[in-house]
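Participant: Sharing a model prediction with you, sequence too.
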Amino acid sequence: MEKLLTVVIPAYNAERYIKYTLDSLCSGCRKQAVYDHSNELEILIVDDGSTDGTGDIADQYADKYPEVVRVIHKENGGHGSGINCGIQEASGRYMKVVDADDWVDEDAFHNLLRALKKTKDDAVVSGFYWRFDNGTGEEDTFPKEAEIKEPFKGVQYGITYAFETVSSQIYMKMHGITWKTEILRQMSLFIDEHCYYVDAEYILYPIPWVKTVSFIPDFVYQYRIGREGQSVSPEKMIRNQKNYEKVMSSLLAFYKECRNGGIECGEAQLHYIENGIARVAAGEIKILLSLPAAKEVRKKLIQLDQKLLRHYPAIYHANRNKAVTLLRVSRYRLYGMAVWALKKSRRKF
């Protein structure tokens with residue numbers, strides 16, 4: 001039976017966190033719950049070769065909520081592998097990815113399900129909060145911050161927008177997006193496996209097929225920031241620099257297909273993809289700036305920029321990052337100052 005929504009949880013060695021994640025999602029599936037989501041929701045846990053108790057915890061929830069929770073145990077393939085598996089296995093008309101160390105706001109999640117009932121749009125976008133792990137183990141006490149308070153100025157929530165009419169004003173991030181599953185299955189590319197930082201692939205690969213989008217005001221996703229070993233920590237990003245480069249290479253190959261007609265892509269969709277990859281390029285520059293200042297690193301930064309300008313000028317000129325713009329205008333003479341400023345702030349620029 002088709003469900004309304006499949007929440008895919010790629011999970012690897014997440015025994016410390018996954019109970020809280022699952023409790024937040026299953027709140028509407030318990031007896032005497034205010035909202036009964038049992039007939040609408042599938043929670044698909046993809047146990048990605050965990051070596052701790054993650055798989056056992058997942059099985060316990062499947063036993064407790066057999067009509068809602070399903071578990072797939074597979075060999076380790078990385079976050080992208082879990083997403084690819086979820087796309088193929090999802091029974092929901094819509095699909096959302098929730099990482100095993102994050103969670104959802106229960107009331108906001110109910111409102112997302114209510115919105116999905118009423119729409120046929122290719123994507124539904126909701127808000128998300130950064131939740132800064134304060135080490136207490138009590139997620140309710142984690143400070144929160146909205147990166148984006150509204151999708152764009154003047155947004156009307158709950159109505160259908162033609163993608164081309166709003167594409168230049170929005171950037172749909174992974175934690176805010178719920179895709180129509182059919183759109184994901186039309187993608188001609190798989191998400192990179194055994195690789196970090198594949199979020200950009202998941203949010204950009206479906207874009208050629210997106211025709212409509214709608215927005216809800218609720219902040220559904222609660223994104224944990226600051227836990228030890230997190231892939232977005234500055235130290236981990238430096239260590240996994242090659243992974244970031246791999247994702248960038250995959251995105252550029254995808255862009256070539258869109259630009260050259262190998263993948264049919266409308267003009268608005270193509271410009272959106274250019275803007276998205278420009279953001280990824282800015283992220284790669286941030287990683288290089290996180291390294292100790294050195295002539296070799298400065299040279300690599302310049303080579304990256306020249307490659308974009310020479311082979312992907314539309315992506316190069318799509319940059320909206322002020323730090324990257326300053327580096328370019330100064331012909332990278334401000335390189336040393338940029339390294340210092342990033343170390344000082346340790347915040348994304």
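Facilitator: Perfect, I can see it now. Numbering: from 1, shown residues only.
Participant: In stretch 324-343, which residues are buried?
Facilitator: Neighbour-count burial for stretch 324-343, with 16 or more other C-beta atoms under 10 Å as criterion, is recorded at Val324, Leu327, Arg328, Tyr332, Leu334, Tyr335, Ala338, Val339, Leu342. The C-beta positions use only the backbone N, C-alpha and C, and glycine is treated the same way.
Participant: Show the model's pLDDT score for the most centrally placed residue in the chain.
Facilitator: Geometric centre of the chain, nearest residue: Met174, 2.5 Å, by C-alpha atoms, centre = their mean. Looking at Met174, its pLDDT stands at 96.
Participant: related to what we said a few turns ago, just put the buried residues of stretch 324-343 in CSV and tack on secondary structure and pLDDT.
Facilitator: Below are these laid out as CSV (DSSP: H, G, I helix; E, B strand; the rest coil; pLDDT from 0 to 100):
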residue, secondary structure, pLDDT
Val324, helix, 90
Leu327, helix, 91
Arg328, helix, 92
Tyr332, coil, 91
Leu334, coil, 90
Tyr335, helix, 91
Ala338, helix, 86
Val339, helix, 86
Leu342, helix, 77
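Participant: quick one: which of these is nearest Arg185?
Facilitator: Relative to Arg185, the closest of those is Val324; by C-beta to C-beta it sits at 35.0 Å.
Participant: Just confirm that closest one contacts Ala282, I think it does.
Facilitator: Yes - between Val324 and Ala282 a contact is recorded at 5.2 Å, counting by C-beta atoms under 8 Å.
Participant: pLDDT on the longest strand seen in the chain, on average?
Facilitator: Longest strand in the chain, counting residues (DSSP state E): strand 212-225. For strand 212-225, mean pLDDT rounds to 97.
Participant: Parallel or antiparallel, list what pairs with it.
Facilitator: Its sheet considered, strand 212-225 pairs with strand 103-104 (antiparallel), strand 123-132 (parallel), strand 161-162 (antiparallel) by DSSP bridges.
Participant: Would you reformat the ones you listed as a markdown table and include distance to Tyr312 and mean pLDDT?
Facilitator: What follows is the strands paired with strand 212-225, written out as a markdown table (distance: least, C-beta to C-beta, whole Å; pLDDT from 0 to 100):
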| stretch | distance to Tyr312 | mean pLDDT |
| --- | --- | --- |
| strand 103-104 | 36 | 98 |
| strand 123-132 | 25 | 98 |
| strand 161-162 | 27 | 98 |
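Participant: returning to that earlier point: list the buried ones in the longest strand of the chain?
Facilitator: For strand 212-225, by 16+ other C-beta under 10 Å, it's 212-216, 218-225.
Participant: Check stretch 275-292 too.
Facilitator: Buried residues in stretch 275-292, counted by 16+ other C-beta under 10 Å: 275-290.
Participant: would you say Val46 is within a strand?
Facilitator: Yes - assessed by DSSP: H, G, I helix; E, B strand; the rest coil, Val46 belongs to a strand.
Participant: coming back round to it: surely the residue nearest to the centre of the chain touches Val97?
Facilitator: Yes - with contact defined as C-beta under 8 Å, Met174 counts as touching Val97 (6.7 Å).
Participant: Which neighbours do those two have in common?
Facilitator: Residues within reach of Met174 and of Val97 at once, by C-beta atoms under 8 Å, 6 or more residues apart in numbering, are Tyr202.
Participant: element containing Tyr61?
Facilitator: Here Tyr61 is covered by helix 54-64, with elements defined by DSSP states H and E.
Participant: could you pull out the helices for the stretch 1-150 of the chain?
Facilitator: Under the criterion DSSP state H, counting those that start in this stretch, the stretch 1-150 of the chain carries helices at the ranges 18-26, 54-64, 79-89, 106-118.
Participant: Let me have the ones you listed in JSON lines, extended by distance to Glu42 and mean neighbour count.
Facilitator: Compiled in JSON lines, the helices of the stretch 1-150 of the chain are given as follows (distance: least, C-beta to C-beta, whole Å; neighbours: other C-beta atoms under 10 Å):
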{"stretch": "helix 18-26", "distance to Glu42": "10", "mean neighbour count": "21"}
{"stretch": "helix 54-64", "distance to Glu42": "11", "mean neighbour count": "18"}
{"stretch": "helix 79-89", "distance to Glu42": "9", "mean neighbour count": "22"}
{"stretch": "helix 106-118", "distance to Glu42": "12", "mean neighbour count": "18"}
